[in-house]
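> Pasting a predicted model and its sequence here:
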Amino acid sequence: MFFALSQYYIRKFRPQWKAFLTRLVYSSRNVKIGRNFTTDSVPRILVDPEASLEIGDNVEFRRNLEIRVHGKAKVKIEDNVRIDRGVRILAANKAEIVIGKGTRIGLYTVLNGGDSIKTGEKVLVSGFVYLQTSMHGFASKSLSVQDQGYDHAPVELKDDVWLGTHVVIMPGVTLGKGAVVGSNAVVTKSVDDYTVVAGIPAKPIKQRE
């Protein structure tokens, strides 16, 4: 009986209760949360006055998420998305981060949106992945790298993309529909539809049939 009650608490009551608290804490004109939202803990959400966050229906968060939306940026999490624990989503400037319907994002992944990041539908992002849209300037040796600002370029993952664990996607990269990236790869160039890539830097190794 105790085991059954504990399972009910973990699987049903706690996610619904934490979702209620999340709605209560973050209710505002620029934060919208859809139906059947559940979360294992109240996420840390920071949204500037001119920014916005929209969470669709049937979205599931695990523990310890952080979502920060600064400047005039927008974050939209579409329906039926599941985001694992420890994920960090940052949108700044005028960037738009869109996580498409049915997408799954693995634990401790980072979406660093100095520029826009968009995923299609049913994208699989494994754990410890880094989607990077910003790079420090470093051309001048008379200034520290820290003082040379950033260059930005968007990242896009089309429908049915799969990223293995510890993948890094660099600024300006588009992954075509059905592309697959092997674990630990660093992707510096765009990838064609249904192409499998791996390595540092990532290179094509086969086509999906």
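Structure's in. What do you need?
> and residue 80, what does it touch?
Taking C-beta atoms under 8 Å, 6 or more residues apart in numbering, we find residue 80 in contact with 56-59, 101-102. In this view, the C-beta of every residue, glycine as well, is placed from N, C-alpha and C.
> Counting neighbours, which bits of stretch 172-183 end up buried?
Going by neighbour count (16 or more other C-beta atoms under 10 Å), the buried part of stretch 172-183 is 172-176, 178-182.
> can I get these in JSON lines with pLDDT and secondary structure?
JSON lines is the format used below for those (pLDDT from 0 to 100; DSSP: H, G, I helix; E, B strand; the rest coil):
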{"residue": "172", "pLDDT": "97", "secondary structure": "coil"}
{"residue": "173", "pLDDT": "98", "secondary structure": "coil"}
{"residue": "174", "pLDDT": "98", "secondary structure": "strand"}
{"residue": "175", "pLDDT": "98", "secondary structure": "strand"}
{"residue": "176", "pLDDT": "98", "secondary structure": "coil"}
{"residue": "178", "pLDDT": "98", "secondary structure": "coil"}
{"residue": "179", "pLDDT": "98", "secondary structure": "coil"}
{"residue": "180", "pLDDT": "98", "secondary structure": "strand"}
{"residue": "181", "pLDDT": "98", "secondary structure": "strand"}
{"residue": "182", "pLDDT": "97", "secondary structure": "coil"}
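> Just the closest of those residues to residue 49, please.
Relative to residue 49, the closest of the buried residues of stretch 172-183 is residue 172; by C-beta to C-beta it sits at 30.0 Å.
> Might you report the residue contacts of that closest one?
Neighbouring residues of residue 172 by C-beta under 8 Å, 6+ apart: 153-155, 190.
> So which of those is surrounded by the most neighbours?
In terms of neighbours by other C-beta atoms under 10 Å, these top out with residue 155 at 25 neighbours.
> Does that one have any beta-bridge partners, and if so which?
For residue 155, the beta-bridge partners are residue 117 (DSSP bridges).
> Quick one: low-confidence residue ranges for this protein.
Low-confidence segments of the chain, defined by pLDDT under 70: 1-12.
> what about the helices in it?
Assigned by DSSP state H, the helices in the chain fall at 2-8, 14-26.
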